[in-house]
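Engineer: How does the following fold in three dimensions:
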Amino acid sequence: IIFLFAMHMAEVGDSVTVSESQPLVSPKEGSPAVQRGRQEWESNKEDVVPQVRRPARKERVTPILALSVAAAVIGSSTQFGFNSGVINSPKQAINNSFWGHAHPNESRFDAPFTSTEMNVAVAIFAIGGMFGALPAGPLADLIGRKYVMLLNNIVIMIGVALESFAIHPFMFIAGRFVVGLNAGLNTVLVPLYISEISPVSLRGSLGVFHQMAITSTILLSQVLGLKELLGRPDKDFYAWRILFAFPVLFAVFQLLTLPWCPKSPRYLYIKLKREIAAKNILVRLRGRLDVKDELRDMEDECNATGSSMKIRDLPQFFTRRSLRLPLLIGIVLHMSQQLSGIVGVLYYSTQIFENAGVQNGDVATVAVGVVLVIFTFILVFLIEVVGRRSLMLFGLGGMAVFFALLTSMFCFQDGFYSSSDIKVTAPGILLVISALGITALFALGPGAIPWLMVAELFLQEARPVAVTVATIVNWTANFAVGLTFPYILKNLYPYGTAIFVVTCVLFWLYLYVYLPETKGRSVEDVTEEFRRKVGEVPPRKTDRTAS
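Structural biologist: Numbers count the residues shown, from 1 in each chain. Below is the predicted model of the structure:
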């Protein structure tokens, strides 16, 4: 219901045709002088007149576009989100349900999951994500985005079966690795598919639904995993197995809907050279016959790709400056998502809320999840108004300020209160405000924007490789953060969160200098800006220079 409401609200009006400028006087076509003049004008106008891009056509969300986005995010993004959060709450229930594999003759309570095995079960999900993201780009180019997403449902069903029917901890760990493979593939495929089927004016708003599906299903898994629901730690209660089987519903939804959705028109036109099929799909997606502007943009992108060196492997991204700069920007964007400090809020959420008088740690976890979902939903309407760059910088800058406040309040409480004191004080309240502020700003900036923006920085031929590399960096940082940061934060308390002030400021400075604004711009326009920055394309002459 939330998804359909947001899709409806994201409509920005009916289609408005933007016509090319026409000459005031229409000369005779047969005049040789006029024809020579036109040829000279067409060949020299790029150097004589500054190029002014046509404003992006205002689009509406057609039913087939809504179905395509829904099939991708509800069928794929939700699998990633749900499996990310589902492991946290029912740990005790999982422990209690396994027979004593270390000492078979003892009761199951005497030999549960060891702490090491449980830590491996949590961390191996990120390792699976790294390995899953690795072949996602080549597979997307080989058989298409749509078909890889459909085949990926086989992976999730295998992983869910291993988890839900596990009779040994190692079987459960193997299931976590397989669902990680599924999540890694989805984190590459969904942003890629949505960016290529969406019109320029709605590309940002529709791209945010990937992150909204992730945050919504993380919250759903946390709620369903509460001890009062499917996370009950009773000795003979197997509800946690039902909880881990839940992603099958998302896979079934996608298998029923995605086959009716179109392929990526950009993939068909630029990669497979199937112009007529791409045009027919654009007509379906836009709900109108006039799609010449988008076809022209695809032709420009195709020509730009064809005129440059072919992108066959990753080393070319480091030898060509026009590819190296956007790739580094994409890597920094994804690193900022993992290293900007949301993990610190999640790690300290229970303690923060206890300091404000809330003794139930589950309430703290759910509160943070609710704030994430609400502000990700708000981002749907802000991103095409404010812009990606502004929101990213606003989010990182605001997080740095709130982390400074959070660290100050931790130090104040550690210095003036003992552990036995009642801490429902002004510092305790400020801790909660800081934590929720960090969560809200993360949702508005680093939480969603990296997923959608990397695909906007590259032409079609380079896009799958670039998105794959950035996503692998994201999963690697996710694994490193989950493995090391809890120990760092615990041992450096109360100064641990000061680390995130530094990381947010460093990311902010880099992105302030190098990150371009992509709102309302075609991909060819953005990539041309990078080529001009590094000198691969000469700068355009202004009117004054031309005269």
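
Engineer: Going by C-alpha atoms from here, please, whenever you check contacts or count neighbours.
Structural biologist: Will do.

Engineer: I figured residue 157 hits residue 249, correct?
Structural biologist: No: when contacts are counted by C-alpha atoms under 8 Å, residue 157 is not listed as touching residue 249 (10.1 Å).

Engineer: Looking at these two, which is more packed in?
Structural biologist: Between residue 157 and residue 249, counted using other C-alpha atoms under 10 Å, residue 157 has the larger neighbour count: 20 against 13.

Engineer: Which pLDDT value does the model give that one?
Structural biologist: At residue 157, the model reports a pLDDT of 95.

Engineer: Which of the helices and strands in the chain ranks last by mean pLDDT?
Structural biologist: When each helix and strand of the chain is scored by mean pLDDT, DSSP states H and E, helix 543-546 comes last, with a mean of 39.

Engineer: and the residue nearest the centre of the chain, what does it touch?
Structural biologist: With distances taken as C-alpha atoms, centre = their mean, residue 451 lies nearest the centre of the chain, 2.7 Å away. Contacts for residue 451 (C-alpha atoms under 8 Å, 6 or more residues apart in numbering) come out as 187, 191, 207, 210-211, 334.

Engineer: Low-confidence stretches in this protein?
Structural biologist: For the chain, the stretches flagged by pLDDT under 70 are 1-58, 98-113, 231-237, 304-314, 347-348, 350-351, 354-361, 414-427, 536-547.

Engineer: For residue 486, the count of nearby residues, please.
Structural biologist: The local packing of residue 486 (other C-alpha under 10 Å) involves 16 other residues.

Engineer: and it, how far is that from residue 168?
Structural biologist: As judged by C-alpha to C-alpha, to the nearest Å, residue 486 and residue 168 stand 27 Å apart.

Engineer: Residue 279 contacts residue 293, correct?
Structural biologist: No: with contacts counted by C-alpha under 8 Å, residue 279 stays clear of residue 293, the gap being 11.0 Å.

Engineer: Between those two, which is the more surrounded one?
Structural biologist: residue 279 (21 against 15).

Engineer: Helix or strand: which one has the more buried one?
Structural biologist: helix 275-286 (DSSP states H and E).

Engineer: Summarise which helices and strands that helix is packed against.
Structural biologist: Applying 3 or more C-alpha pairs under 8 Å, 6 or more residues apart in numbering; DSSP states H and E, we find helix 275-286 packed against helix 63-72, helix 265-266.

Engineer: try it again with 10 Å
Structural biologist: Here helix 275-286 touches helix 63-72, helix 169-197, helix 265-266, helix 292-307, going by 3 or more C-alpha pairs under 10 Å, 6 or more residues apart in numbering; DSSP states H and E.

Engineer: How about residues contacting it?
Structural biologist: 15, 59-66, 68, 197-199, 261-270, 272, 287-292, 294-295, 298-299 (C-alpha atoms under 10 Å, 6 or more residues apart in numbering).

Engineer: now it against helix 63-72, angle please.
Structural biologist: Using axes from the mean of the first three to the mean of the last three C-alpha atoms, to 10 degrees, the inter-axis angle of helix 275-286 relative to helix 63-72 is 90 degrees.

Engineer: Give me the distance from helix 275-286 to the chain's centre.
Structural biologist: 26 Å (C-alpha atoms, centre = their mean, to the nearest Å).

Engineer: Only the buried residues of that helix, if you could.
Structural biologist: 275, 278-279, 281-282, 284-286 (16 or more other C-alpha atoms under 10 Å).

Engineer: export those residues to TSV and tack on distance to residue 81?
Structural biologist: Shown next, in TSV, are those (distance: C-alpha to C-alpha, whole Å):
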residue	distance to residue 81
275	36
278	32
279	34
281	30
282	30
284	30
285	27
286	30
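
Engineer: just curious, which of the residues you listed is nearest to residue 221?
Structural biologist: residue 285 (32.9 Å; C-alpha to C-alpha).

Engineer: What separation is there between the closest one and residue 214?
Structural biologist: Counting by C-alpha to C-alpha, the gap from residue 285 to residue 214 is 25 Å.

Engineer: What's the separation between residue 315 and residue 213?
Structural biologist: Distance, residue 315 to residue 213, by C-alpha to C-alpha: 34 Å.

Engineer: Looking at the two, which is more packed in?
Structural biologist: Higher neighbour count among residue 315 and residue 213: residue 213, with 27 against 10, using other C-alpha under 10 Å.

Engineer: what's the closest non-adjacent residue to the more buried one?
Structural biologist: Closest residue to residue 213 apart from its sequence neighbours, by C-alpha to C-alpha, 6 or more residues apart in numbering: residue 78 at 5.3 Å.

Engineer: quick one: contacts for that neighbour?
Structural biologist: By C-alpha under 10 Å, 6+ apart, the contact list for residue 78 reads 72, 84, 183, 186, 210-218, 220, 247, 250-251.

Engineer: can you do 7 Å?
Structural biologist: 213-214, 217, 250 (C-alpha atoms under 7 Å, 6 or more residues apart in numbering).

Engineer: try residue 160
Structural biologist: 175, 244-245.

Engineer: Compare the residues you listed and tell me which is most surrounded.
Structural biologist: Counting neighbours by other C-alpha under 10 Å, residue 175 comes out on top of the contacts of residue 160 with 27 neighbours.

Engineer: show me the contacts for that one.
Structural biologist: So residue 175 contacts 159-160, 162-163 (C-alpha under 7 Å, 6+ apart).

Engineer: Check residue 327 too.
Structural biologist: Under the criterion of C-alpha under 7 Å, 6+ apart, the neighbours of residue 327 are residue 466.

Engineer: Could you pull up phi and psi at residue 496?
Structural biologist: The phi and psi values for residue 496, taken as degrees, to the nearest 10, are phi -60, psi -40.

Engineer: Could you count how many residues lie near it?
Structural biologist: The number of residues packed near residue 496 is 18, by other C-alpha under 10 Å.

Engineer: Correct me if wrong: it contacts residue 489.
Structural biologist: Yes: between residue 496 and residue 489 there is a contact under C-alpha atoms under 7 Å: 4.5 Å.

Engineer: Can you pull the residues that touch both of those two?
Structural biologist: Common contact partners of residue 496 and residue 489 (C-alpha under 7 Å, 6+ apart): none.

Engineer: which residues touch residue 456?
Structural biologist: 518, 523.

Engineer: Just the helices from the stretch 101-250 of the chain, written as ranges.
Structural biologist: Assigned by DSSP state H, counting those that start in this stretch, the stretch 101-250 of the chain shows helices spanning 115-133, 136-143, 145-164, 169-197, 203-224, 239-245, 247-257.

Engineer: Which strands and helices lie in contact with the first one?
Structural biologist: For helix 115-133, the helices and strands in contact under the criterion 3 or more C-alpha pairs under 7 Å, 6 or more residues apart in numbering; DSSP states H and E are helix 169-197, helix 463-491.
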